[in-house]
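Colleague: generate coordinates for the sequence data below:
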Amino acid sequence: MGPSERLVDRIVEAAVTRAIVGRRGVLRSLGGSALLGAVGSFFPLTTAKVLAQEARGTLERKELRIGFLPAACATPLLVADRMGFYALQGLKVVLVKTPGWALVRDLVLNRQYDASLMPAPMPLAASLGIGSRPDLTCAAALANVNGQAITLRALHQRNRDPTKWKGMRFGVPFEHSMQNLLLRYYVAEHGLDPDRDISIRVVPPPEMVAQLRAGNIDGYLGPEPFNQRAIHEGAGFIHLLSKDLWDGHPCCALGVPDSFVRENPNAFAALFRALVSASAHSQDPKNRGEIAQAIATPRYLDQPLPVIEQVLAGRFADGLGQVRNVPGRAGFDPFPWHSMAVWILTQLKRWGYVKGDFDYHQVAEQVFLATDARRRLAEVGLAAPERTYALHRVMGRTFDPTRPEEYLKSFPIPRS
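Modeller: Prediction:
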């Protein structure tokens, strides 16, 4: 039996135990190993797996195609594949490595993918018809939080004051991405107009290091492992982590067409359970070393193992001669807060991606499935917030999601 099968068995054993004895069942006094032995005598493990799946309803779809970019943001999707979380839910998932976010959007829009890893703003943009025809797309769960950085070319080590970045060229992975919105926010807070004072261009993440090394860009706000890979290759240094801008910010999400959610409720529920179980496994620091070995391979991220280990462990060389220890550099909290969606919408409006008036909360609650996630997380025994809105602290400012227009008007708005 391999590691992934043992992991699946432990999860099923725990689930079956809860189902049979309840949270306060009398058998609990037997102790862990004796209790599992008693359960096993009644229900062979393979039978228990089948029963666990059947109890949740027949899957309308068992075979799914899910897209991902080879970035650390995809960790829960990859862990769910490598360690059997999809299989545990009765799903056969084909993960399709995709080179860029625009292609991901189009493949989901054309229903060639059933779901995909997406930048967190992408489901909102797709639902509003920004950059494509309107297509209601749901953010079922966050794939990751934090896990980004601003990386600059090595020659800019003496040019770390953002007020002096006028004329510099930066890469972001997609227009409707947290990287773009956070970079714009950062330079604007330092007095620069991101549309006039610097140049921001879309660079697919796998090309970022090469573009930096060639001098085609001066820096980028990009996903891991490409910031750490630049240090690994001596092409640049980490100016700051995105965690320093907004600790706990969303990055990517599992994007699912609303039509899939409505037409395949049991398959969608199974997919959600697989992903959040993998997220919980990925969030545990004790598992990060094993995960790094699993996802660094050519099948998934195709990166040097030390690069992935530094990203996931949070102990890393910064390219400035320092070894930093930031355990929360990358996180995997899956809860898709409605308040995060409202913040994203304020920034999409701030920079002219969406025009006119709309109901922030209606859009946020339609796209980010926080209410559904809260219920489903509780069903699988994972922590779920009592509320779906929260205050967020972004670069020293408190964002109150109940007052989005007031927040938006507190910033200088560039003239179109």
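Colleague: got the contact list for the closest residue in space to residue 399 that isn't next to it in sequence?
Modeller: Once flanking residues are discounted, residue 399 sits nearest to residue 392: 4.6 Å by C-beta to C-beta, 6 or more residues apart in numbering. Placement of C-beta: from N, CA and C, glycine included. For residue 392, the contact set (C-beta atoms under 8 Å, 6 or more residues apart in numbering) comprises 246, 248, 249, 339, 340, 343, 398, 399, 401.
Colleague: and residue 392, its phi and psi?
Modeller: The phi/psi pair for residue 392 (degrees, to the nearest 10) reads phi -130, psi 150.
Colleague: may I have stretch 119-130 as PDB, with CA atoms only?
Modeller: Provided in PDB are the C-alpha atoms of stretch 119-130 (Å, rounded to 0.1, in the frame of the first residue of the first chain):
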ATOM      1  CA  PRO A 119      -6.900  34.000 -10.200                       C
ATOM      2  CA  ALA A 120      -9.400  34.900  -7.500                       C
ATOM      3  CA  PRO A 121     -10.700  38.000  -9.500                       C
ATOM      4  CA  MET A 122     -11.300  35.900 -12.700                       C
ATOM      5  CA  PRO A 123     -14.600  34.400 -11.700                       C
ATOM      6  CA  LEU A 124     -15.900  37.900 -10.800                       C
ATOM      7  CA  ALA A 125     -14.600  39.300 -14.100                       C
ATOM      8  CA  ALA A 126     -16.000  36.400 -16.100                       C
ATOM      9  CA  SER A 127     -19.400  36.800 -14.400                       C
ATOM     10  CA  LEU A 128     -19.500  40.500 -15.200                       C
ATOM     11  CA  GLY A 129     -18.300  40.000 -18.800                       C
ATOM     12  CA  ILE A 130     -15.000  41.800 -18.300                       C
END
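Colleague: need the residues that contact it.
Modeller: 101, 104-105, 108-109, 131-132, 134-139, 142, 173-174, 176-179, 181, 250-253, 255, 340-341, 344-345, 348, 353-354, 358, 363-364, 366-368.
Colleague: and those residues, which of them are buried?
Modeller: 101, 104-105, 108, 132, 135, 137-139, 142, 173-174, 176-179, 181, 250-253, 255, 340-341, 344-345, 348, 353-354, 363-364, 366-368 (16 or more other C-beta atoms under 10 Å).
Colleague: inside helices: which ones of these?
Modeller: Among those, DSSP state H puts 101, 104-105, 108, 178-179, 181, 340-341, 344-345, 348, 363-364, 366-367 in helices.
Colleague: show me which pair in those is furthest apart.
Modeller: Using C-beta to C-beta, these reach their maximum pairwise distance at 179 and 366, which is 24.2 Å.
Colleague: what about this structure, any weak spots by pLDDT?
Modeller: Where the chain drops to pLDDT under 70, the residues are 1-56, 414-416.
Colleague: re the thing from before, list just the nearest of the ones in helices among the buried ones among the contacts of stretch 119-130 to residue 233.
Modeller: Nearest to residue 233 among these is residue 179, at 20.1 Å by C-beta to C-beta.
Colleague: now do the contacts for the closest one.
Modeller: 119, 148, 172, 173, 220, 221, 222, 223, 242.
Colleague: measure the fourth one to residue 334 for me?
Modeller: With distances defined as C-beta to C-beta, to the nearest Å, the gap from residue 173 to residue 334 amounts to 21 Å.
Colleague: also the second one?
Modeller: Distance, residue 148 to residue 334, using C-beta to C-beta: 17 Å.
Colleague: who's more crowded, the two?
Modeller: residue 148 (34 against 27; other C-beta atoms under 10 Å).
Colleague: tell me what that one is bridged to.
Modeller: residue 223 (DSSP bridges).
Colleague: correct me, but it touches residue 242?
Modeller: Yes - assessed by C-beta atoms under 8 Å, residue 148 is found in contact with residue 242 at 3.7 Å.
Colleague: so what sits against both of these two?
Modeller: Residues within reach of residue 148 and of residue 242 at once, by C-beta under 8 Å, 6+ apart, are 178, 179, 182, 221, 251.
Colleague: burial of residue 375, as a residue count?
Modeller: For residue 375, the number of neighbouring residues by other C-beta under 10 Å comes to 11.
Colleague: please shift the residue numbers so they start at 32 in all later answers.
Modeller: Okay, residue one is now 32; in that scheme the one you just asked about reads as residue 406.
Colleague: then the helix or strand that it is a member of to CSV, C-alphas only?
Modeller: Assigned by DSSP states H and E, residue 406 belongs to helix 401-410. In CSV, the C-alpha atoms belonging to helix 401-410 read as follows (Å, rounded to 0.1, in the frame of the first residue of the first chain):
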residue,chain,number,x,y,z
ALA,A,401,-19.0,31.4,1.0
THR,A,402,-22.4,30.4,2.4
ASP,A,403,-22.2,27.1,0.7
ALA,A,404,-18.6,26.6,1.7
ARG,A,405,-19.4,27.3,5.3
ARG,A,406,-22.0,24.6,5.4
ARG,A,407,-20.0,22.0,3.5
LEU,A,408,-16.9,22.6,5.6
ALA,A,409,-18.9,21.9,8.8
GLU,A,410,-20.2,18.7,7.2
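Colleague: gap between stretch 380-393 and the chain center?
Modeller: 23 Å (C-alpha atoms, centre = their mean, to the nearest Å).
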